[in-house]
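**Student:** got a sequence here, can you build the structure:
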Amino acid sequence: MKIIKAAFSRGISAFFFDDQRAIKKGAGHDGFVYTGEPVTPGFSRIRQAGQSISVMLLLEDGQIAVGDCAAVQYSGAGGRDPLFLADEYVPFLEKHVRPLLEGLELGTFRDMSAKFAGLQIEGKPLHSAIRYGLTQALLDARAKSLKLLPCEVICAEYNLPVIAERVPIFGQSGDNRYDNVDKMIIKGVEVLPHGLINNIDEKLGRNGEKLREYIEWLVRRIKKLRSSEAYQPSLHIDVYGNIGAIFNDDMDRVVDYLASLEAHAGGLPLYIEGPVDMEEKQLQIEKLGYITQKLHKIGSKVKIVADEWCNTYEDVRDFCDAKACDMVQIKTPDLGGIQNIVESVIYCRKTGVEAYQGGTCNETDVTARICVHLAVAARAERMLAKPGMGFDEGFTIVNNELERIIAILRLKNGVK
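**Tutor:** Residues are numbered from 1 along each chain as shown. Just a heads-up that it's a prediction; the model follows:
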């Protein structure tokens with residue numbers, strides 16, 4: 001089956017692009033926006049509307065395959081590709097990519113994604129957001145041509161077992177870290193709350209005291225609102241490198257503080273994402289690895305999640321090989337082609353590192369749904385409820401797609 005026509009439409013994403021460098025330099029607040037001038041190239045203001053581009057492929061039999069190009073909230077920072085603006089990249093797609101798609105005979109997903117992964121235009125690879133959306137559409141096209149679910153295509157091509165079981169979902173609270181937690185508990189999300197601990201004075205405390213209090217509150221709230229004692233969610237909190245900042249990057253003090261948090265977690269598994277940010281990949285691997293291994297050595301059950309400077313499939317491999325963490329966040333748009341997401345999860349499992357198939361609040365419903373298929377096929381340890389920062393909407397999209405996949409797979413296999 002061939003692709004007959006390709007079309008591209010401008011869209012919005014579920015959150016915003018934020019200039020992380022400007023925020024770290026102390027940008028002020030004015031309601032929902034930040035004050036001051038942007039620092040990162042491409043930004044016209046520190047917070048601006050997130051954008052996306054839909055890739056639509058008309059197949060010979062009249063079916064239409066879809067994928068969405070999208071980029072993370074903190075685009076242009078931490079070694080990522082530059083800001084992704086639809087007005088700039090729709091003309092690029094129409095000029096350079098459409099001719100390569102129209103008339104293309106659908107082969108295997110892996111072959112098609114490899115072709116575009118290596119594509120260079122004017123000496124440069126495609127923007128990661130373009131590779132992200134394009135490979136989603138190609139997987140959808142392959143699945144539609146074979147009358148299979150996308151997860152079934154991935155399982156077949158990567159020789160993975162088809163497992164009709166849930167992947168735990170991780171709820172993201174945004175700044176509303178109290179009310180949204182109540183929603184998560186009532187709806188029984190398996191992992192919570194992310195917490196967005198991105199400010200020392202307001203959220204962490206100069207001695208880490210505010211995070212301790214927050215963890216204690218989480219435990220009390222879970223016990224109060226849960227429907228039964230069987231509900232024992234994992235706690236997963238992103239601290240954006242701020243623990244390192246309050247201890248002047250003294251890694252032994254960081255370890256002591258992290259280990260002390262276990263006593264406040266009420267026996268629930270505790271994951272801390274990004275305890276330090278060393279502003280450079282190799283140093284990040286070295287210091288995060290020191291923290292992780294020392295926690296293991298002293299018998300702490302607190303687990304460390306790699307985030308910053310772990311953006312690509314190659315980065316994931318390097319962090320895993322160095323045993324620099326207990327879990328890797330696989331930031332789906334940053335990896336470009338979605339084949340890299342699958343391969344990253346597989347590599348994590350191979351090396352004994354837990355895989356958190358994450359992403360960003362700044363995605364779309366289309367990207368969220370296809371990511372569920374990837375997580376089900378590759379068996380990530382958890383996946384993010386996305387897009388958006390409101391929890392309910394992203395959880396609805398991801399949870400319901402997950403349950404549909406499970407029901408269809410069981411129906412096909414005669415399992416009730």
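
**Student:** alpha carbons only for contacts and neighbour counts from here, please
**Tutor:** OK.

**Student:** just give the closest residue to residue 291, not the sequence neighbours.
**Tutor:** Leaving aside its chain neighbours, residue 291 sits nearest to residue 255 (5.8 Å; criterion: C-alpha to C-alpha, 6 or more residues apart in numbering).

**Student:** ok, the one you found - contacts?
**Tutor:** 291, 294-295 (C-alpha atoms under 8 Å, 6 or more residues apart in numbering).

**Student:** cool, and residue 133?
**Tutor:** Taking C-alpha under 8 Å, 6+ apart as the test, what residue 133 contacts is 53-55, 67-70, 337, 367.

**Student:** so where do the helices sit in the stretch 151-300 of the chain?
**Tutor:** For the stretch 151-300 of the chain, the helices defined by DSSP state H, counting those that start in this stretch cover 179-187, 209-225, 242-246, 251-261, 281-297.

**Student:** list the buried residues in the fourth one.
**Tutor:** Put plainly, it is helix 251-261. For helix 251-261, a neighbour-count test (16 or more other C-alpha atoms under 10 Å) marks 251, 253-255, 257-259, 261 as buried.

**Student:** what's the spacing between it and its chain's center?
**Tutor:** 26 Å (C-alpha atoms, centre = their mean, to the nearest Å).

**Student:** and the angle from that helix to helix 281-297?
**Tutor:** On the basis of axes from the mean of the first three to the mean of the last three C-alpha atoms, to 10 degrees, helix 251-261 is oriented at 50 degrees to helix 281-297.

**Student:** can you show me the CA trace of helix 251-261 as CSV?
**Tutor:** Taking Å, rounded to 0.1, in the frame of the first residue of the first chain, the C-alpha atoms of helix 251-261 are listed here in CSV:
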residue,chain,number,x,y,z
MET,A,251,27.1,15.0,47.0
ASP,A,252,27.5,13.4,50.4
ARG,A,253,25.1,16.0,51.9
VAL,A,254,22.7,15.4,49.0
VAL,A,255,22.8,11.6,49.7
ASP,A,256,22.3,12.1,53.4
TYR,A,257,19.3,14.3,52.7
LEU,A,258,17.8,12.0,50.2
ALA,A,259,18.2,9.0,52.5
SER,A,260,16.5,10.9,55.3
LEU,A,261,13.3,11.3,53.1
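
**Student:** hang on, the earlier thing: select, out of the helices of the stretch 151-300 of the chain, the one closest to residue 303.
**Tutor:** Between residue 303 and the helices of the stretch 151-300 of the chain, the shortest gap by C-alpha to C-alpha is with helix 281-297, which sits at 7.4 Å.

**Student:** need the next SSE after the closest one, C-terminal direction.
**Tutor:** Scanning forward in sequence from helix 281-297 by DSSP states H and E, the next helix or strand is strand 303-306.

**Student:** report all helices and strands that that next one contacts.
**Tutor:** strand 270-273, helix 281-297, strand 327-330 (3 or more C-alpha pairs under 8 Å, 6 or more residues apart in numbering; DSSP states H and E).

**Student:** surely residue 135 meets residue 66?
**Tutor:** No - here residue 135 does not reach residue 66: they are 9.6 Å apart, not a contact under C-alpha atoms under 8 Å.

**Student:** tally of neighbours for residue 88?
**Tutor:** 9 (other C-alpha atoms under 10 Å).

**Student:** helix/strand/coil for it?
**Tutor:** helix (DSSP: H, G, I helix; E, B strand; the rest coil).

**Student:** list the contacts of the top helix by length along the chain.
**Tutor:** If you go by DSSP state H, the chain has its longest helix at helix 392-412. Helix 392-412 is touched from outside by 149, 164-167, 169, 171, 183, 365, 368-369, 372-373, 376, 385-388, 416, with contacts defined as C-alpha under 8 Å, 6+ apart.

**Student:** buried residues in it, which are they?
**Tutor:** In helix 392-412, counting by 16+ other C-alpha under 10 Å, buried: 392-395, 397-399, 401-402, 405-407, 409.

**Student:** same question for stretch 351-368.
**Tutor:** Quick answer for stretch 351-368 (16+ other C-alpha under 10 Å): 353-368.

**Student:** still on that earlier bit, only alpha carbons, please: show the longest helix of the chain as CSV.
**Tutor:** The C-alpha coordinates for helix 392-412 follow below in CSV (Å, rounded to 0.1, in the frame of the first residue of the first chain):
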residue,chain,number,x,y,z
ASP,A,392,-7.7,15.0,34.7
GLU,A,393,-7.5,15.5,31.0
GLY,A,394,-4.2,13.8,30.4
PHE,A,395,-5.2,10.9,32.7
THR,A,396,-8.4,10.4,30.8
ILE,A,397,-6.7,10.3,27.4
VAL,A,398,-3.9,7.9,28.5
ASN,A,399,-5.9,5.7,30.9
ASN,A,400,-8.8,5.2,28.4
GLU,A,401,-6.5,4.5,25.5
LEU,A,402,-4.7,1.9,27.7
GLU,A,403,-8.0,0.2,28.7
ARG,A,404,-9.1,0.2,25.1
ILE,A,405,-5.9,-1.5,24.0
ILE,A,406,-6.2,-4.1,26.7
ALA,A,407,-9.8,-4.9,25.9
ILE,A,408,-9.1,-5.2,22.1
LEU,A,409,-6.0,-7.4,22.7
ARG,A,410,-8.0,-9.7,25.0
LEU,A,411,-10.9,-9.8,22.5
LYS,A,412,-8.6,-10.9,19.7
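
**Student:** tell me the helix or strand right after the strand or helix carrying residue 372.
**Tutor:** Using DSSP H and E, the element containing residue 372 is helix 365-378. On the C-terminal side of helix 365-378, the closest following helix or strand by DSSP H and E is strand 382-384.

**Student:** give me the contact list for that next one.
**Tutor:** Contact with strand 382-384 is made by 167-172, 191, 355-359, 372, 375, as judged by C-alpha under 8 Å, 6+ apart.

**Student:** so for the host helix or strand of residue 65, mean pLDDT?
**Tutor:** Using DSSP H and E, residue 65 sits in strand 64-69. In this model, strand 64-69 has a mean pLDDT of 98.

**Student:** distance between it and the chain's centre?
**Tutor:** 19 Å.

**Student:** sheet-wise, list the partners of it with their directions.
**Tutor:** Using DSSP bridges, strand 64-69 pairs in its sheet with strand 47-59 (antiparallel).

**Student:** quick check: mean pLDDT across the strand it pairs with?
**Tutor:** 97.

**Student:** wait, is residue 100 part of a helix?
**Tutor:** Yes - under three-state DSSP, residue 100 sits within a helix.

**Student:** and stretch 28-36, how far apart are its ends?
**Tutor:** Using C-alpha to C-alpha, to the nearest Å, the end-to-end distance of stretch 28-36 comes to 7 Å.
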